[in-house]
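# here is a sequence together with a model predicted from it:
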Number of protein chains: 2
Amino acid sequence: MWSTQDVSDTKNMLDKNKKSGYWIVAVAVILCFATGILIGRYGTTSVADYHNFDVRNLVIDEISAEEIDSNLRYLTSTPHVAGTAQDLLQAEWMRDRFLEAGLDEAKTVPYDVLLSYPRVGVMNKVSLIDEQGRINYTTAGRQPPLGSPEEFSDDILHNFNAFSANGVVEGNVVYVHYGRKKDYEYLLSRGINVSGHIALIRLGAIFRGSKVDLAERYGAIGVILFSDRLEKTSQNRNNTYPDSWWMPGTGAEYGHVGRLRGGDLLTPFYPAIESAFRIKEENHPGLPKIPVQAIGYEEAEVILRNISPENSAPTKWIGKMDAPYSLGPSLRNPGWRVRLDVSTVNERRTTFNTIGILRGSVEDDRYVLLGNHRDAWTFGALDPSSGTASMIEIARVFGKMKRDQHWRPRRTIVFCSWGAHEYGLVGSYEWTQQHATVLGQRAVAYLNVDTAVSGNRTLFGNAFPTLKQLLIDTAKLIPNPSVHEIESGHKTVFDTWLAQSRDRDNVDQPMVGHLGGGSDFEGFSYVIGIPAADFGYMKNGVYPTQYSLYDSYHLASNIVDRGFVHHQAVARMWAVAAVTLSDSVILPFDVLAYASYLNHSLSLLHTKYGPILQQNGVSLKHVRVSVDHFMFSVKHFSENELKNVDQSNIFAVRRVNDKLMYLERFFIDSKGLPDHPETNHVVFSTSSSDSHNFNTFAGLVDLVVQVENKTESNDPEIWSKIRHHLSVIAFLIGEAGRSLNGDF
Amino acid sequence: MWSTQDVSDTKNMLDKNKKSGYWIVAVAVILCFATGILIGRYGTTSVADYHNFDVRNLVIDEISAEEIDSNLRYLTSTPHVAGTAQDLLQAEWMRDRFLEAGLDEAKTVPYDVLLSYPRVGVMNKVSLIDEQGRINYTTAGRQPPLGSPEEFSDDILHNFNAFSANGVVEGNVVYVHYGRKKDYEYLLSRGINVSGHIALIRLGAIFRGSKVDLAERYGAIGVILFSDRLEKTSQNRNNTYPDSWWMPGTGAEYGHVGRLRGGDLLTPFYPAIESAFRIKEENHPGLPKIPVQAIGYEEAEVILRNISPENSAPTKWIGKMDAPYSLGPSLRNPGWRVRLDVSTVNERRTTFNTIGILRGSVEDDRYVLLGNHRDAWTFGALDPSSGTASMIEIARVFGKMKRDQHWRPRRTIVFCSWGAHEYGLVGSYEWTQQHATVLGQRAVAYLNVDTAVSGNRTLFGNAFPTLKQLLIDTAKLIPNPSVHEIESGHKTVFDTWLAQSRDRDNVDQPMVGHLGGGSDFEGFSYVIGIPAADFGYMKNGVYPTQYSLYDSYHLASNIVDRGFVHHQAVARMWAVAAVTLSDSVILPFDVLAYASYLNHSLSLLHTKYGPILQQNGVSLKHVRVSVDHFMFSVKHFSENELKNVDQSNIFAVRRVNDKLMYLERFFIDSKGLPDHPETNHVVFSTSSSDSHNFNTFAGLVDLVVQVENKTESNDPEIWSKIRHHLSVIAFLIGEAGRSLNGDF
């Protein structure tokens, strides 16, 4: 063995000279020096350990609430809708902030994509037409300025829902509650068919794009969307924005109603770069064929009041609207009808991501990515600018540490500011589609902050199993932003989090949720298999004025986060998690948690869907065998290679980290899920059927939900898909486990 | 920066003690020792350089012709058809040889796959039936033993073509030459339609499975395959096996006629492991629906002589058969007909790969793979056992070096012995399907030797551009096995190779060809994007008795390679190339060659298909831009990072090697090629339409060939596919280039 030989040659040389005692001293010094070179050059445990708190405390000290405030002030000074002039302006502004901070590289990255806008100077309207064709009532079509001065901006787009078809339709109205499949089935059981009528649908429960899709399938000629007062106002229904964070009655939610995942609708699977091939817009399965318009709840009340009272809605369908809940389709006054007049049009426009890079000192070919979208329907003060303002502050602090302390992360840190998120995660999907191969090879983890602060009660966190513990450990380091909470003994963000939301299975830990869908981690996690996390401060889920004009600087600075201390806490959390991922010699991935997660999920799957599978002769046994093997493999790996890795052996460190980093990739089926080829993760992709009940093995669950009462003999094709997909799940989990301890 | 701090602390400590002169000596020793540790532990330039000839000379010295002879003797002592008892026996024997050699791990790996066999005790026959239904002539159905004693074995399967449909058909016969599309078109121009008749098709030019596919499409009820004497005999037509290597008239080619790439027909894309889902055999697009049978040329002459002479074949269709070449369909005698009686059946059987692992000393998570199939239709002395015998010898020598010299390769070496290759590369495809993710992460290169010795004139080599120079450089190290060649001044394998086949563009180099298709690199290269090479000794392409009973030990030892010196040369070549790949600090990948190859290929594409593309408004400009960028990137990378890499910086070495290793992966489109979803490499997948003319950008060429004279307006779908695929090619080449010098 060459290496042994060389070392022994050197030893022999030493032996020959070992004549006097001072050699003992020399050898000691030699060892120090050799160790010094090794450590100095490549950085091992003692300099950049997961448990080295110095870098992180410095980060915590430096992150400034004032700076975040100042960033947010700029970001919210104009609307910044994707594809408009402000998209580019803010993208360039961010690039300049990154360069000013001292990042090694920063640039804007354009994609030419299909977006959608209301026609200039024309309102989208919902009107009541009387029996003589006269307009009795019309919605405002825009939201009146109420709070911040910038709400008067001429650049604010009229109310619209991106990707709506345009056109004018008239007819009766059916109230379809949340517009889920079961809602239509209930209506049919009452003899009410939405076909030929306009559907009035309450927002919530499922994605609005799915509501429009289902309405179209059931034959509706148009869709009116509204939010029920139940979700938008408090007990004191007049206490709304600008006096509180509650939604005023004229506030309408923007929001796209496209249907397909995967970013730009014209370039599925591939990036919308200059050379891209674009499919045709005509008959595009991702674009609705009927007009859609969201209106304020006061406006929706007018429509509700005009529905004939003969068919009352069931109790469950009743919220807090100041109107009776009748199902329709007839209107109260004979001969009247509702008119939906939408002139929204699809347009090819350019949207911009901004990418900033701080190169790693040791492993610059390993990426820790931080992402947040930048575009909003108007000001997006909380969603997403609270995150954007925080990201810029993190870049400033890292740049300062680079300059002042000569610090560099061990691995490369990449800042990603996404464009056109609101149009279906377009910027992030296009970018991950473009760089899928290199990201698959080099990306360690993706830390998403969509809305840093949507409320001020507590931190929340969603993550892949490997990163859950990282969020928890990081939260323990972050000072509590609430004076009140500190006074009640909750010194850290962790303490409040734990008090607000305990993990049922481990009461000493706060609950870290599933990632779910709807934010920019999708392209990273569900297509490429990069572990991701998403977090922020919240009250209890979404905030009332989200997607409206009233998500303004006034809301952020005067109502939700005075002093920007919660912003500061999230920025600290984000920065410290990034440092931990980038500087730890051994990646802080909790693989044992992955094993127990899989085990637990399979048990749930067995409980919920085992019987129907078994009745049709389909067994989960191969998945069980694979999960058992995976648990064994993870345990063996953790107790042996991971535990005993010689941190001075650079290759051993790299090998063990590669195993950790690449583990998630094994769950990717490059062929795509059976009915969702745009996603590939067999464990974690979002479910289109059962997302509120069971989040894991979505490809399988979506199939099983479809079969309902169909046996193998009356729907052999779907049962074949189930058998096939189960075999793929078993196979991939098996290979994932195998990768940790061996080769083939 | 932490590291700087640590180093300077150590230096300060030294400075304080630097009081007397002996410290100079001490420091010198320190440096030696530190260097020794670094080198010893991780292996850098001086110990395992690409230009370190010691390891390789030792390998060359140790590889023994006698050992290879002895291995081949065993391997050819029985037939070893996939899925039979000998498949497992020989797989286990190889495993035991690997363990005996001292490899770290060796095992047999089973796959349960669809294979095909003649029915026991029943011959597949081609007969002539007279007007009264009497059998006038029948083919033998088996090949008579002529040479080696083992040819009398009871285990020899009757003549059959795997995956043929079974059944009896009767009819007239049409001679269709090679059975290409253009041959049918010519026949139709002569008013001859094969529909309802039996097609008599000459082997060669295209894959026999494609012949059957086309025959079926043109309505043939059965296919008789034969080899023309032109390819199978010499001037002296009686000088055949066992006196020479020429084919006797009773020798028939076995060979499967399945149609789909991707290994096992029942488990496309996924491995045929225990948990696999299997698609149904009924109506399987990969299985012929008509019976097929290959016969000897003497037997084919009987059929030819019985075809009515009224339609003479054109000159180009005439070979050297001892019979007139008439087209048919009528037979010479009124009322006569040909009967094809095939009882071949498909069966699920288990085939076995044997995998042996010699673990790397430094980067054991990087794999250099050596592969060869083990199964044959009978003895397969040359194809594949010449390779198998050589692989075992390489394992023996590496094991000996491990034991005696304490040598280990820097990277892990994996020996792969494939089962069921003859049924469509089944063993290798299933294995690569199972381990695609880990191979994508860790495989450096795959060195295939299908048939080590198919002739004794010269080495040939086919490879991806990055590995071409490696083959050439390796050949320079290998002593010439031919005494006659040495005497004429050709000392090395390289010298003869150069004399026999010069590269037109570089006359100082021998020609290294394209990989093409049909051997076990397909799953590695065209699906995962692992650079591969294939080589061996040959005369001029295939050898006459390939796929027949007469590919025997007698042929190998007495006719083709007396003394086994050519086997020895190939084994040396294979072993040295493997050592170079595994031991070089910087991977010996010629990325500049990739750039000029792409540039050249695009020019060829432009010349050949530019006009038709341009006429339809399709431009190659985006591909041109990407190729130009790729050339620039490769040059920049080569002249900067690659040239200046600090070989003592372990991370820098790993990073540059990862860039080299992963470059090929960028050409993989996980969605698959437009009309061949089973292959994914946009530059190098095999073409189904134009493989003899243009090998590159096969996905594109296959589409363009289909359009022929169809303009965009009369076939918009295919032109969309062309535009789409071109955009994918441009995109992927662009990303490949980008990966070498930056991130995103």
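Now that the structure is in, tell me what you want to look at.

# where in chain A is pLDDT low?
Low-confidence segments of chain A (pLDDT under 70): A:1-53, A:689-694, A:709-710, A:712.

# which parts of chain A belong to which domain?
By the assignment in automatic domain parsing, chain A contains the domains A:51-116+A:348-583, A:120-342, A:591-741.

# for these, give me CSV that also has distance to B:Gly523.
Where you see a C-beta, it was placed from the backbone N, CA and C, and this is true even at glycine. Below are the domains of chain A laid out as CSV (distance: least, CB to CB, whole Å):
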stretch, distance to B:Gly523
domain A:51-116+A:348-583, 19
domain A:120-342, 23
domain A:591-741, 14
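
# dump the residue contacts of the one residue sitting closest to the centre of chain A.
Centroid check for chain A by CA atoms, centre = their mean gives A:Ser519 as the closest residue, at 2.6 Å. By CB atoms under 8 Å, 6 or more residues apart in numbering or on different chains, A:Ser519 lies in contact with A:His373, A:His421, A:Leu425, A:Asn448, A:Asp450, A:Asp534.

# ok but it is inside a strand, no?
No. Applying DSSP: H, G, I helix; E, B strand; the rest coil, one finds A:Ser519 to be coil, outside a strand.

# against A:Gly263, how distant is it?
13 Å (CB to CB, to the nearest Å).

# buried deepest among the domains of chain A, which one?
Of these, the one with the most neighbours on average (mean count of other CB atoms under 10 Å in any protein chain shown) is domain A:51-116+A:348-583, at a mean of 23.

# A:Asn239 reaches A:Pro248, doesn't it?
No. Assessed by CB atoms under 8 Å, A:Asn239 is found out of contact with A:Pro248, at 10.2 Å.

# hmm, back to that, and which of the contacts of A:Ser519 is nearest to B:Val168?
Closest approach between the contacts of A:Ser519 and B:Val168, by CB to CB: A:Leu425, at 60.6 Å.

# state the phi and psi torsions of that closest one.
For A:Leu425, the backbone dihedrals (degrees, to the nearest 10) come out as phi 50, psi 40.

# give me the distance between it and A:Leu471.
Taking CB to CB, one finds A:Leu425 at 22 Å from A:Leu471.

# equivalent analysis for A:Ile129, please.
Distance, A:Ile129 to A:Leu471, using CB to CB: 54 Å.

# kindly report the same for A:Asp450.
On the measure of CB to CB, A:Asp450 and A:Leu471 end up 15 Å apart.

# ok, now A:Phe731?
Using CB to CB, we find A:Phe731 at a distance of 31 Å from A:Leu471.

# what are the boundaries of the helices in the stretch 251-400 of chain A?
Using DSSP state H, counting those that start in this stretch, the helices of the stretch 251-400 of chain A run over A:297-305, A:387-404.

# what is the first one packed up against?
Identification of packing neighbours for helix A:297-305 by 3 or more CB pairs under 8 Å, 6 or more residues apart in numbering or on different chains; DSSP states H and E yields strand A:125-129, strand A:198-202, strand A:222-226.

# I'd like these as a markdown table, with distance to chain B appended.
Shown next, in a markdown table, are the helices and strands packed on helix A:297-305 (distance: least, CB to the nearest CB, whole Å):
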| stretch | distance to chain B |
| --- | --- |
| strand A:125-129 | 38 |
| strand A:198-202 | 35 |
| strand A:222-226 | 32 |
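
# nearest to B:Gly286, out of the domains of chain A?
domain A:591-741 (16.9 Å).

# just the C-alphas of stretch A:376-383, formatted as CSV.
Extracted in CSV, the C-alpha atoms of stretch A:376-383 (Å, rounded to 0.1, in the frame of the first residue of the first chain):
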residue,chain,number,x,y,z
ALA,A,376,-46.6,40.5,-4.3
TRP,A,377,-50.1,41.4,-5.7
THR,A,378,-49.6,44.9,-4.3
PHE,A,379,-47.2,45.8,-1.4
GLY,A,380,-47.0,42.4,0.2
ALA,A,381,-45.6,43.9,3.3
LEU,A,382,-45.9,40.7,5.3
ASP,A,383,-46.2,38.3,2.3
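
# check the offset of it from the chain's centre.
When distances are taken as CA atoms, centre = their mean, to the nearest Å, stretch A:376-383 is centred 16 Å away from the chain's centroid.
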